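*Asks:* dropping a prediction and its sequence here:
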Amino acid sequence: MHVERKPKWIRTKIPSGPLYNRVNYVLKSKGLFTVCKEALCPNVAECWGRGTATIMLLGDTCTRSCRFCAVKVGNPMGRVDTSEPERVAMAVSELNLNYVVLTSVCRDDLRDGGAGIFAETVRAIKRTSPNVRVEVLIPDFRGDKDAISMVVDSKPDVIGHNLETVKRLTPIIRDRRASYDLSLSVLKTVKELDSSIYTKSSLMLGLGETEQEIVEAMLDLRSVGVDILTLGQYLRPTRRHMPVVEYVHPETFERLKNVALSLGFKGVASAPLVRSSYMAAELFQSISRDDVFGG
């Protein structure tokens, strides 16, 4: 039995304010999409109000149909905008960001899954704004090591790929082309190619998983060297998507954060409204500082 009434700890701000408006204007003027809007992120007001955003590459149409995601599904027919990397770099420079997150829809219609655009965008940002830290949140690229290597070779500071949910629920929640083991292998490959790059993953809670299954997923992520973990509450975007089974209490999120830290994750964000890119800059700064000073 699922629960639809949101508890008091699920509260989001109405998007507004000068920084929110500026981020919105600059990204729209460059013809760019954000996961903040396309995926109906509950933190859009807070993040854009700080002048940060997660830019979504390769259009707004995903070739996969996961049952938790609000992004539009369809066939992009191989279309790629080769000017996108430079436009992203211009937007990052114009917004004077010091940390940017890049993600994308899944593009199974492309031979490299879109890895080339990721790599070109990272390089364009680093050329235009050398001091900007770049985090990428990549699809699985069907496990293609050459595609993963393209992204790794562009030297982002963090490479994320989301496990999304526990193993038992993966076939129910995610598109049939995705898999739990494939996602783990992607994260493992990144570390094998360049162990100096931080890796990151995320789990949604409230889909019917047990705490034991969450801990097992954490252990699996640690087994492939994942450094950063985010845990957040699944929120149903529309009636067509998976219903919420449980609204997980904030105290549970805090307890799971402590479990994750005890298992060796260097950075953990865990709260109902946390999403993959939430407080990304702050998490990166905390773990990189600890590595430098031996914390």
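*Replies:* Received the coordinates, thanks. Small disclaimer: the values here were computed from a predicted structure and weren't measured.

*Asks:* make it CA atoms for all contacts and neighbour counts henceforth
*Replies:* Fine.

*Asks:* which stretches of the protein have low pLDDT?
*Replies:* Residues of the chain that meet the criterion pLDDT under 70 lie in 1-4, 11-21, 34-53, 289-290, 292-295.

*Asks:* what are the ranges of the strands in it?
*Replies:* Assigned by DSSP state E, the strands in the chain fall at 33-34, 54-57, 61-62, 72-73, 99-104, 133-137, 158-160, 198-205, 228-233, 267-270.

*Asks:* which strands border the second one, and is each parallel or antiparallel?
*Replies:* Each strand paired with strand 54-57, and its direction, by DSSP bridges: strand 33-34 (antiparallel), strand 99-104 (parallel).

*Asks:* ok, which of those comes nearest Leu169?
*Replies:* strand 99-104 (23.0 Å; Cα to Cα).

*Asks:* show me the contact partners of that closest one.
*Replies:* Strand 99-104 is contacted from outside by 35, 52-59, 92, 118, 132-139, 277, 280-281, using Cα atoms under 8 Å, 6 or more residues apart in numbering.

*Asks:* again, but for stretch 274-281
*Replies:* 41, 43, 47, 54, 99-101, 162, 201-202, 230-233, 269.

*Asks:* and the residues you listed, which two are the farthest apart?
*Replies:* Tyr99 and Gln233 (24.4 Å).

*Asks:* just the terminal-to-terminal distance for stretch 234-246.
*Replies:* The straight-line separation of the ends of stretch 234-246 (Cα to Cα, to the nearest Å) is 9 Å.

*Asks:* from the chain's centroid, how far away is it?
*Replies:* Stretch 234-246 sits 19 Å away from the centroid of its parent chain (Cα atoms, centre = their mean, to the nearest Å).

*Asks:* buried ones in that stretch?
*Replies:* Across stretch 234-246, burial judged by 16 or more other Cα atoms under 10 Å covers 234-237, 242-246.

*Asks:* nearest to Ser83, of these?
*Replies:* Pro237 (31.1 Å).
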